[in-house]
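Mind looking at a prediction? Sequence and model below.
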Amino acid sequence: MNKYNVVILDVDGTLTDGKIYISAEGEAMKAFNAKDGYGIRYILPLLGITPVIVTGRESLIVQHRARELGISEVYQNVADKAAKLDELAASYGCGLESFAYIGDDLNDYEAMKQCGFKACPADAVAGIKAIADYIAPHSGGDGAVRDVCEELARLSAPSRL
């Protein structure tokens, strides 16, 4: 039985490399990693973990990617991620100790501190690395989320891996 029920996913710098490409027409583009997608779409459900996106920016690209991955809860343009997590914990009827959080920058710090499991990409800022329970060997957008999904699987059933 997994002790984490929900994984909170930041987007820029976690699911992506943090680069935002903007054309002359104002169209933004982001790149996502297929390995991260596999972890979210197939590994997390096997563990009984619900993925939830909580991001400080807003983008239709994120909605499209979430739909591809079967993520039904997407919260964009969230300035106070810690307050959003309190709301989510209340809606799930559980404490934040059953939440895992994957973030990379200081706007994730207060929210991450509250969670039972804290993870970050290899290229996260120092303040986030300092509170992380797990630092992925890959950078954001380069497989870090997949690394965390596999770590959660190891924590759930270490004898099977």
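Done, it's in.

which regions of this structure lie under the pLDDT threshold?
Flagging of the chain using pLDDT under 70 yields the residue ranges 1, 158-161.

could you show me where the strands are in it, in order?
Counting by DSSP state E, the chain has strands at residues 6-9, 21-22, 28-29, 50-54, 73-75, 99-102, 117-120, 134-135.

Go through these and name the closest to Val148.
Evaluated over the strands of the chain, closeness to Val148 peaks at strand 117-120, with 4.4 Å, by C-beta to C-beta. (Each C-beta comes from the backbone N, C-alpha and C, glycine too.)

so how far is that closest one from its chain's centroid?
Taking C-alpha atoms, centre = their mean, to the nearest Å, one finds the center of strand 117-120 at 9 Å from the center of the full chain.

what's near enough to touch Glu110?
81-82 (C-beta atoms under 8 Å, 6 or more residues apart in numbering).

From Pro45, how far out is it?
In this structure, Glu110 and Pro45 are 28 Å apart, going by C-beta to C-beta, to the nearest Å.

circling back: can you check which of the strands of the chain gets nearest to Tyr92?
Closest to Tyr92 of those, according to C-beta to C-beta: strand 6-9, at 6.3 Å.

residue contacts, Tyr101?
Contacts for Tyr101 (C-beta under 8 Å, 6+ apart) come out as 7-8, 10, 85, 108, 111-112, 115, 117-119.

can you give me the helices for the protein?
Under the criterion DSSP state H, the chain contains helices at 34-38, 44-47, 60-69, 81-92, 109-114, 126-131, 144-156.

Cys149 contacts Ile43, correct?
Yes. Contact criterion C-beta atoms under 8 Å: Cys149 and Ile43 qualify, at 4.4 Å.

and the two? which has more neighbours close in?
Taking neighbours as other C-beta atoms under 10 Å, Cys149 and Ile43 compare with Cys149 leading, 28 against 16.

Reformat the helices of the chain as CSV; add distance to Ile102.
Shown next, in CSV, are the helices of the chain (distance: least, C-beta to C-beta, whole Å):
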stretch, distance to Ile102
helix 34-38, 10
helix 44-47, 11
helix 60-69, 14
helix 81-92, 12
helix 109-114, 9
helix 126-131, 10
helix 144-156, 5
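
Okay then, goodbye and thanks.
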